[in-house]
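1. Using only what follows, build the 3D model:
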Amino acid sequence: MKISAMISDVDGTLVNDAKEVTERTRRAVAELGRRGIAFAAISGRPPQGMTMLIEPLKLTTPITGFNGGVFARPDMSLIEERVLPASTVRLAIDFFDRHGVEVWLYSGNTWMVRDINGSHVERETRAVRFPATVVKEFGATLEAAHKVVGVSDDHDLMRRCETEIQATLGPGASASLSQPYYLDVTHPQANKGAAVHALAKLLQVPIGEVAVIGDSNNDIGMFEQGGLSIAMGNASDRVKSKARLVTASNEEDGLAQAIERYLLDGAKT
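-> The predicted model follows:
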């Protein structure tokens, strides 16, 4: 199988639990470049929350944020974006409020929360490396939202909400769990399956020559599109079952191991 590009999820895949790119991962990605294999990252994070990856990985490929809601160059200049309809944003916020789920809203590189001490705000601040803006109401930003996030540590509730909110919003949005405690609502074409196709076009690589790797439910869409799919060892059994191959966990340099074994060593896949 010829592989011309690798597209990677970020949290739980490209970075370890400390949200760091390890030296082994840096070396593996650098070797991909020397072999002429492009490497790109995709995440539910805003593009600004991925800038810390650019220097260690020497990224020159598009930065894909909001699960495909924004494609930006490494200098953060915009390539293209997909904004949610304001009516859909209102429906999503109302849905989360009814279910007692905290709400975050992203508009461009502005991250808005109602409670700075809310669930996972501190954790997300460490991950994306910029602070949230506290608001009482989301106001005019409803007209320019790239992502609405429901946040709750009730994982059973979040799984139910994933199914229910998609039925509520219909074809006007894409809803998926990026973590057991994060439920992302984005533009209907801002999902990782569609984003892999868009990235392949931007990279000028046939979709059948793209390897994809991830660990979460929202990465399954990538697995269904790429030529070679790899699940992380820390992924759930459901996610692993959707991938062609499984590597080690993100705490064991699973991404680097996958690159070394499946893309660099010429092993048959």
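2. contacts and neighbour counts: CA atoms only from here.
-> Noted.
3. The stretch 1-150 of the chain: strands as residue ranges?
-> With strands called from DSSP state E, counting those that start in this stretch, the stretch 1-150 of the chain shows them at 5-9, 38-42, 63-65, 70-72, 78-81, 102-107, 110-113, 133-134, 147-151.
4. Of all these, which one is nearest residue 215?
-> strand 5-9 (7.6 Å; CA to CA).
5. Deepest in the core, which of the strands of the stretch 1-150 of the chain is it.
-> Each of these was scored by mean neighbour count; the highest is strand 63-65, a mean of 29, by mean count of other CA atoms under 10 Å.
6. Now do it: everything it contacts.
-> For strand 63-65, contacts defined as CA atoms under 8 Å, 6 or more residues apart in numbering pick out 40-47, 50, 70-74, 195.
7. and which of the residues you listed is nearest residue 135?
-> Of all the contacts of strand 63-65, residue 46 has the smallest distance to residue 135: 18.5 Å, by CA to CA.
8. If we ignore the residues flanking it in sequence, what's nearest that closest one?
-> residue 65 (4.8 Å; CA to CA, 6 or more residues apart in numbering).
9. cool, and residue 226?
-> Nearest residue to residue 226, sequence neighbours excluded (CA to CA, 6+ apart): residue 210, at 5.2 Å.
10. Quick one: residues contacting that neighbour.
-> Contacts of residue 210 by CA under 8 Å, 6+ apart are 3-7, 200, 226-228.
11. Tell me how many other residues crowd residue 159.
-> Other residues near residue 159 come to 15 when the count uses other CA atoms under 10 Å.
12. which stretch of helix or strand covers it?
-> helix 155-169 (DSSP states H and E).
13. again, but for residue 229
-> Secondary structure (DSSP H and E) places residue 229 in strand 228-231.
14. Quick one: mean pLDDT for that strand?
-> Averaged over strand 228-231, pLDDT sits at 98.
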